[in-house]
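Asks: one predicted model, sequence on top.
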Amino acid sequence: MYQRATLYFYSGTGNSYRVTAWMAEAAGDTGTAVTVRPIGSARPAEEVGRGEGTLLVLVMPTHGFTAPWAMLRFALRLPRRPRTHALVVATRAGLKVGSVFTPGIEGTGTYLIALILALKGYHIRGATGVDMPSNWIALHPGLSPQAVTEIVARAREKVARFTSVILSGGHRFTGWLPLLIGLYFFHISLAYLLIGRLFLARLLFASDRCTGCGLCAERCPNRAIEMRGSGSRRRPYWTFRCESCMRCIGYCPIRAVEANYLLGVGAYLLAAAVPTTALLAGLTARVPALAFLNRAPRWVLESLLALAVLGLAYPLAHLALGVPWVSRFFTLAAPTRYYRRYHEPETTPEDLKGYPAASLHPVGDRAGEW
Ligand SMILES: Cc1cc2nc3c(=O)[nH]c(=O)nc-3n(C[C@H](O)[C@H](O)[C@H](O)COP(=O)(O)O)c2cc1C
Ligand code: SF4
Ligand code: SF4
């Protein structure tokens, strides 16, 4: 029913790309001319169609119970397109515990993006969350290959049902309970967007295995990694542009990216919590009416201080990691050193570049637009 569909994705470890590819394939099979691009190389002014015969699809992961900052920024910059149809899909952290599949929580992600699009005149035809294998490798080990296969197979069925409803002229909106949960925890999403994602960005480092090949820097969708040093001392350096999408940790060919919790916890405890406790204890002892500062203001102050300290400590830690025994110590102390890695099994880093390299699931004979 559509002459033209533009599908944009933001994807760290390939889950959202894979969902986009399934949708593109289904749309292509109905005769729709399909364009698929990562938001990093999108040209929406030319690519997003006008009017009812055109469809815009945005697919993203969930970060902090909402949309990733990169997708929020992208949606805000999209051109106005009155009556162009639009879909929003968030992939989320599916898990399998024993024989039970547990869902992720996309929170406000899909509906926040849908609201932005609606305000720009788009006609929203559907929004949904899709459970793909959780990719937060800095936090937990990757799922077993068996669990990954089963979760991806279930996701494929769900995406097929969703796409078929839309392509046959219907509307489909799911995720009302996750939305309520996301609204209830919106302060957490806000804290994640304002502070948490910056804090997490400064926990990644290259272990003593790193060869300095630079692939992580080339592939980062946010250009957040700088290669510093030369020769055998060339190492990646993570900047605040990192959105913790997990691509570098998931795709490093020799599993050399780790998360440095020692630095994070150290920054928080020593530099933030302790001075904040001393400061507030002194203040409230003198002026008891200031006791309210011990609640939300304390948390904000602590987090900002921790972020500042981590920002200052990170370049020093990067230098110190040049010393072999320091590097060895931090590597062995990183829980991620012992975690299984994850990326969507069929998705290669080339696929994540979108056009013209996306060749994994070309849209039948109508692959010309890819
Ligand atoms: C930093 C970070 C935060 C996340 N937060 C959530 C969350 O709040 N809810 C959820 O269901 N999944 C969450 N996830 C899991 C991812 O959204 C999910 O695995 C997604 O499918 C990854 O897609 P991608 O490979 O396209 O990036 C988070 C993952 C990361 C790395
Ligand atoms: S972390 Fe991995 S991908 Fe990045 S430079 Fe080192 S070996 Fe290469
Ligand atoms: S540095 Fe790594 S985790 Fe951060 S945005 Fe780039 S690829 Fe993603």
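Replies: Right, received. Where do you want to start? Numbers count the residues shown, from 1 in each chain. Ligands and ions are numbered 1, 2, ... in the order given.
Asks: the stretch 101-250 of the chain: helices as residue ranges?
Replies: Secondary structure of the stretch 101-250 of the chain (DSSP state H, counting those that start in this stretch): helices located at 109-119, 145-167, 176-184, 186-191, 197-201, 215-219, 247-251.
Asks: grab the nearest non-local neighbour of residue 340.
Replies: residue 142 (3.9 Å; CB to CB, 6 or more residues apart in numbering). For every residue, glycine as well, the C-beta is placed using N, CA and C.
Asks: in the stretch 1-150 of the chain, what residue lies closest to ligand 1?
Replies: Residue nearest to ligand 1 within the stretch 1-150 of the chain (CB to the nearest ligand atom): residue 104, separated by 2.4 Å.
Asks: so that residue touches residue 64, yeah?
Replies: No - counting by CB atoms under 8 Å, residue 104 stays clear of residue 64, with 12.0 Å between them.
Asks: what's the burial count for the residue of the stretch 1-150 of the chain closest to ligand 1?
Replies: By other CB atoms under 10 Å, 21 other residues sit near residue 104.
Asks: for residue 66, same thing?
Replies: 26.
Asks: in terms of pLDDT, where does residue 146 sit?
Replies: According to the prediction, residue 146 has pLDDT 96.
Asks: mind checking how far it is from residue 87?
Replies: Here the criterion is CB to CB, to the nearest Å. By it, residue 146 lies 31 Å from residue 87.
Asks: give me the more crowded residue out of those two.
Replies: A direct count of neighbours by other CB under 10 Å for residue 146 and residue 87 places residue 87 higher, at 26 against 9.
Asks: pull up the pairing partners for the strand or helix carrying that one, direction included.
Replies: Secondary structure from DSSP states H and E places residue 87 in strand 85-97. For strand 85-97, the paired strands and their directions (DSSP bridges) read strand 54-61 (parallel), strand 100-102 (antiparallel), strand 123-133 (parallel).
Asks: tell me which of those strands sits most buried.
Replies: strand 54-61 (a mean of 27; mean count of other CB atoms under 10 Å).
Asks: count of neighbours near the nearest residue in space to residue 39 that is not next to it in sequence?
Replies: Residue nearest to residue 39 in three dimensions, not counting chain neighbours: residue 74, with 4.5 Å by CB to CB, 6+ apart. By the criterion of other CB under 10 Å, residue 74 has 21 neighbours.
Asks: hmm, the helix or strand hosting residue 74 touching ligand 3?
Replies: Taking DSSP H and E as the definition, residue 74 sits inside helix 69-77. No - residues of helix 69-77 are not located near ligand 3 by CB under 6 Å from any ligand atom, the shortest gap being 8.4 Å.
Asks: show me the contacts for residue 219.
Replies: Under the criterion of CB atoms under 8 Å, 6 or more residues apart in numbering, the neighbours of residue 219 are 247-248, 251, 349, 352.
Asks: and it, what pLDDT?
Replies: At residue 219, pLDDT is 96.
Asks: which positions in this structure make contact with ligand 1?
Replies: 11-16, 61-65, 91-93, 104-106, 132, 134-136, 244-246.
Asks: among those, which are in reach of ligand 3?
Replies: Counting by CB under 6 Å from any ligand atom, the members of the residues of the chain next to ligand 1 near ligand 3 are 12, 244-246.
Asks: so residue 235 bridges to which residues?
Replies: Assigned bridge partners for residue 235, using DSSP bridges, are residue 228.
Asks: now for it: which residues touch it?
Replies: Taking CB under 8 Å, 6+ apart as the test, what residue 235 contacts is 206, 210, 212, 227-229, 318, 321-322.
Asks: around ligand 2, pick out the residues from the protein.
Replies: Contacts of the chain with ligand 2, taken as CB under 6 Å from any ligand atom, map to 206, 210-216, 236, 252, 254, 256-257.
Asks: which of the residues you listed are buried?
Replies: Buried members of the residues of the chain next to ligand 2, scored by 16 or more other CB atoms under 10 Å, are 206, 210, 212, 215-216, 236, 252, 256-257.
Asks: tell me which two of these sit farthest apart.
Replies: Based on CB to CB, the longest span within these runs between 212 and 257 and measures 12.7 Å.
Asks: that older thread, now the strand holding residue 87: average pLDDT?
Replies: In the prediction, strand 85-97 has an average pLDDT of 97.
Asks: in it, which residues are buried?
Replies: Buried, per 16+ other CB under 10 Å, within strand 85-97: 85-96.
Asks: nearest residue to residue 75 other than its sequence neighbours?
Replies: Leaving aside its sequence neighbours, residue 75 sits nearest to residue 116 (CB to CB, 6+ apart; 4.4 Å).
Asks: for burial, what's the neighbour tally of that neighbour?
Replies: For residue 116, using other CB under 10 Å, the count is 20.
Asks: any idea how far it lies from ligand 2?
Replies: Using CB to the nearest ligand atom, to the nearest Å, one gets 34 Å for the distance from residue 116 to ligand 2.
Asks: does residue 35 touch residue 47 like I think?
Replies: Yes - at 5.5 Å, residue 35 counts as touching residue 47 under the criterion of CB under 8 Å.
Asks: now for those two: what residues contact both?
Replies: Contacts common to residue 35 and residue 47, judged by CB under 8 Å, 6+ apart, are residue 6.
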